[in-house]
Each structure stands twice: as structure tokens, then as C-alpha cells.
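Visitor: need the 3D shape of this:
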Amino acid sequence: MNKFSQLLCISVALFVSGCQNKQNSDQWDNACLDPGLPKNIIYHELDQKGEIFSFYEKHDKSKRTSNVSYFSYGIHEKRDTSGTTYNNCRAYYSGSDTLLINIGINGPFGGQGLLIKYVNKKFNTEAYMHTDLVIEGEMAPNQKIIYQKLSLNKENYEIGDSLFGKIEFKSIDLDYSGDTILRSGHGNFRALVKEQKKLKY
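Guide: Numbers count the residues shown, from 1 in each chain. Purely as a prediction, here's the structure:
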């Protein structure tokens, strides 16, 4: 068993046995600065692809903003990586000095992805999934971060700046039905920083 598998087993055991009643992890880590990110060949590859738009967005000829592979699976399920890069990236300031980076996809009845909060060179990542279906008695999701690493091309951003980044993320959580779910995301993304009163995700 490799080190990650050992860490995963220990994390699952601790999470299931003692963390069910805690709120989502609010773990903040230092972001890495990588000014050379915009020169990564992946962005040239993204330039050759059209953007993936969420349901509520206006479609245009924008270039692809994300190659982040994001997937979730039950602890006893085989990982299905098909369609894991079907997402986009949006970056907003929403009434505060916290920059919100949303990597995901949203349809008419729900959506899923990663929400990164960045402020003062520190960041927190939260995997999200939402649906219009409401089930009485459902548990609130409860996330524990195993690993998160964020690289950005700048330390500070203003409205109108181009943001380039790379995310590596793993977490365990109890979903709405109480099942233990593993979530993972990794890849590069980019966005034009905008201002929005309310983030849609």
C-alpha cells in the first residue's frame, strides 16, 4: 500500500468515526506564486477550444478557461473519469477583499465544482454540489480536506486582471445522504477577474 493510500485510509477512519457533526473544513493554506504560469503550453491548447458555458450564461466565442479534472466517487466505487474536465472558470470579487474562483459547471437543475477563496496570499478550497431537488431530513454536506495546493501567477488581483492558476485538491466528505464521498480536482485554469454582487454557483 503506498503512502497516499495509507493516508487516505487513516483519514477516512478518523473522519467517519469522529467528524460527522463538524461543519465544513475551513482550512487555509499559503498559495504559491508562479509568474511563469501564463506561458504554460496548456493555455495554448485551451486557446484551440471553445468555452464550456453554464446554463445561465450567454454563449459567445470565448476560449476555454479550464482543463481542471474534477470528480467525486463513493469510497467503495471505481473512479469514473469520463467528462471530468467539462467545466469552466470564473473569478469574482463579491463585496469584499476575498477573491472567489469558481471552477465548475451549472445546469438548469444543479451544478458541481470547486470554489476557491483567496485573500492575503492564503486560500481555502471547497467542493460543492447543489440541486433543485429538496429531500426532507437530508444531512448537510461535511467536508474534510486531505490536500490542497494552489499556484497563481500574481499575489494580488484587481478588477480586469487576467488570472492564471493551477489547483490540486483532495477531500473526504459525508454527502447529503450520509455517504462517504472522495473528491479530487487537479489542473490549470484562467479567468478575467470581475466584480459581482452575488456569485452564482
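
Visitor: what's the burial count for Phe53?
Guide: 14 (other CB atoms under 10 Å). To be clear about C-beta, it is placed using only N, CA and C from the backbone, and glycine gets the same treatment.

Visitor: surely it is in contact with Asn88?
Guide: Yes: Phe53 lies in contact with Asn88 (CB atoms under 8 Å); the separation is 6.7 Å.

Visitor: which one is the residue nearest the centre of the chain nearest to, not counting chain neighbours?
Guide: What sits nearest the mean C-alpha location of the chain, by CA atoms, centre = their mean, is Leu114, with 1.8 Å. Counting by CB to CB, 6 or more residues apart in numbering, Leu114 lies nearest to Ile103, which is 4.6 Å off, once chain neighbours are set aside.

Visitor: bridging residues for that neighbour?
Guide: Beta-bridge pairing of Ile103 under DSSP bridges involves Cys89, Leu114.

Visitor: so in the protein, which strand runs the longest?
Guide: Using DSSP state E, we find that the single longest strand of the chain is strand 180-195.

Visitor: and stretch 110-128, what's buried?
Guide: Residues 111-118, 123-128 are the ones in stretch 110-128 that count as buried (16 or more other CB atoms under 10 Å).
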